[in-house]
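Asker: output the structure for:
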Amino acid sequence: MGNAVEQLALVKARIAAAERQADREASAASLVAVSKTFDTETIRPVIKAGQRVFGENRVQEAQGKWPALKVEFPDIELHLIGPLQSNKAKEAVALFDVIETVDREKIAAELAKEMARQGRALRLYVQVNTGSEPQKAGIDPKDAVAFVKRCREAHGLAIEGLMCIPPAEENPGPHFALLEKLAREASVGKLSMGMSGDYELAIAFGATSVRVGSAIFGSR
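Answerer: Got it, this is the predicted structure:
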């Protein structure tokens, strides 16, 4: 477990260096530690080392470990970074603090309904499929700005940012640049982009949060 703690410190140091290199303020980019597939005993030392923001891909998996951890560490902030099915909206709203994968009308409507029902105001991001990959979740870039507007006006959702996962085999730089451009056009201030292999580049393109898993916890 000590290795994950050491890797966490290394990732944080590299984030700080990337911020300086890009002439950005210290702590301009927050770290979302991606804990999917790792158990409570692997995650706890990382929490004890000071990390408070975590990302999970699946609602059901997160339900198995995070409720108890959030009681133990009440200041945890939990992000859903995987696709959300509409039939899991109730559980997602109850457990997560941030949902980064709003990408279609039905999900927007379900989240609005559940947040009103539960009295919870989650922070929300729209996921953009910057590579227009048919197998990947996310709204097409050409529809992203209009979709953010619909989320706000039709569903009363406060969309605070955009998120993307560039195609694995492509240079991520143009995808990060596209997301930053769309964020400006949609008047959103947050950019969730960059993972273990490219988070320093994402910071150079303006990421306000990076999602890092394997560089901290090891390969899955």
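Asker: quick one: average pLDDT of stretch 96-103?
Answerer: The pLDDT scores in stretch 96-103 average 98.
Asker: over to stretch 37-57?
Answerer: The average pLDDT for stretch 37-57 rounds to 97.
Asker: and that stretch, end to end?
Answerer: End-to-end distance of stretch 37-57: 9 Å, with C-alpha to C-alpha, to the nearest Å as the criterion.
Asker: now do the buried residues in that stretch.
Answerer: Taking 16 or more other C-beta atoms under 10 Å as the basis for neighbour counts, the residues of stretch 37-57 that come out buried are 38, 43, 46-47, 51, 53-57. All C-beta atoms are positioned from the backbone trio N, CA, C, and that covers glycine.
Asker: show me the contact partners of the longest helix along the chain.
Answerer: Selection of the longest helix in the chain by residue count, based on DSSP state H, yields helix 2-21. Helix 2-21 is contacted from outside by 25-29, 31, 33, 42, 45-46, 49, 51, 199-200, 203-204, 210, 212, 215-218, using C-beta atoms under 8 Å, 6 or more residues apart in numbering.
Asker: quick one: residue 13 from residue 6, how far?
Answerer: Shown here: residue 13 relative to residue 6, a distance of 11 Å by C-beta to C-beta, to the nearest Å.
Asker: meant to ask about residue 51
Answerer: Distance, residue 51 to residue 6, by C-beta to C-beta: 13 Å.
Asker: again, but for residue 55
Answerer: Residue 55 sits 20 Å away from residue 6, taking C-beta to C-beta as the criterion.
Asker: same thing with residue 43?
Answerer: Taking C-beta to C-beta as the measure, residue 43 falls 15 Å from residue 6.
Asker: any of the contacts of helix 2-21 buried? List them.
Answerer: Burial by neighbour count, 16+ other C-beta under 10 Å: within the contacts of helix 2-21 this picks out 28-29, 31, 33, 46, 51, 199-200, 203-204, 210, 212, 215-217.
Asker: which of those residues fall in strands?
Answerer: Filtering the buried ones among the contacts of helix 2-21 for membership in strands, criterion DSSP state E, returns 31, 33, 210, 212.
Asker: so the first one touches residue 215, yeah?
Answerer: It refers to residue 31. No. Residue 31 sits out of contact with residue 215 when judged by C-beta atoms under 8 Å, with a separation of 10.2 Å.
Asker: quick one, strands of this protein?
Answerer: 30-34, 53-56, 77-80, 98-102, 123-128, 159-164, 190-192, 209-212.
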